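In: give me coordinates for this.
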Amino acid sequence: MSKTVELLKKYQPYNEQEAKDVEYIIKAEEIMGDILNRTNMFCHLSSSAFIINPQKTKVLCIFHNIYKSWTWVGGHADGDDDMLYVAKKETMEETSLKNFKVLSGEPISVDVLTVNSHYKRGVYVPAHVHLDLAYLFEAEENENVHILEDENSGIGWLTFEDLIERAAVVDKQMVPVFKKIVERINLMK
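Out: From the prediction side, this is the model:
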């Protein structure tokens, strides 16, 4: 059993959606075995970072080249069984942020997310599912950031409302995810 599934067995879901998605991820590992690697073309673990400013009013987003939308930072586990580490690594790779703080070692969100078929670096990727654990980080808005050109073509701070509005136009499945995270952040204030 992976460390991630062990963590999820102890995780307190925030709502019914998370409870079902946690159950789904645990069952996926039971049925399919390795969910840490993309060699499992049906579903695999990914980790995301919701990076907020200290005032808890904005989130650092990238414009994702494949999805053609503004979204959070994140990526595949690719064999790593420490999803918090994966979220940190993806943050540094996709934004070049050096100074950010982890606000909790527990995920802020657990979600099963569908991924449409697409081409990545000229190779066809069939539709599949990301088993995603997202973490909450904090960074100053004046930190230097840079895009990771082969994955994103924009980077910037958006208000929570702006992110949700933009997701509603292009990536509707992310609207309830982002709303849930913002609701949880507002409970922290």
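In: now the helices for this structure?
Out: Assigned helices in the chain, in chain order: 3-10, 16-32, 83-95, 160-170, 174-188 (criterion: DSSP state H).
In: what helices or strands is the second one leaning on?
Out: With contacts taken as 3 or more C-beta pairs under 8 Å, 6 or more residues apart in numbering; DSSP states H and E, helix 16-32 sits against helix 3-10, strand 43-52, strand 109-115, strand 128-138, helix 174-188. For glycine as for every other residue, the C-beta is placed from the backbone atoms N, C-alpha and C.
In: right, and residue 173 touches residue 113 too?
Out: Yes: Residue 173 lies in contact with residue 113 (C-beta atoms under 8 Å); the separation is 6.4 Å.
In: quick one, which of the two is more surrounded?
Out: Taking neighbours as other C-beta atoms under 10 Å, residue 173 and residue 113 compare with residue 113 leading, 18 against 12.
In: would you mind listing the outside residues contacting the worst-scoring helix or strand of the chain on mean pLDDT?
Out: Of all helical and strand segments in the chain, the minimum by mean pLDDT, DSSP states H and E falls on strand 118-120, at a mean of 88. Strand 118-120 is contacted by residues 66, 124-125 when judged by C-beta atoms under 8 Å, 6 or more residues apart in numbering.
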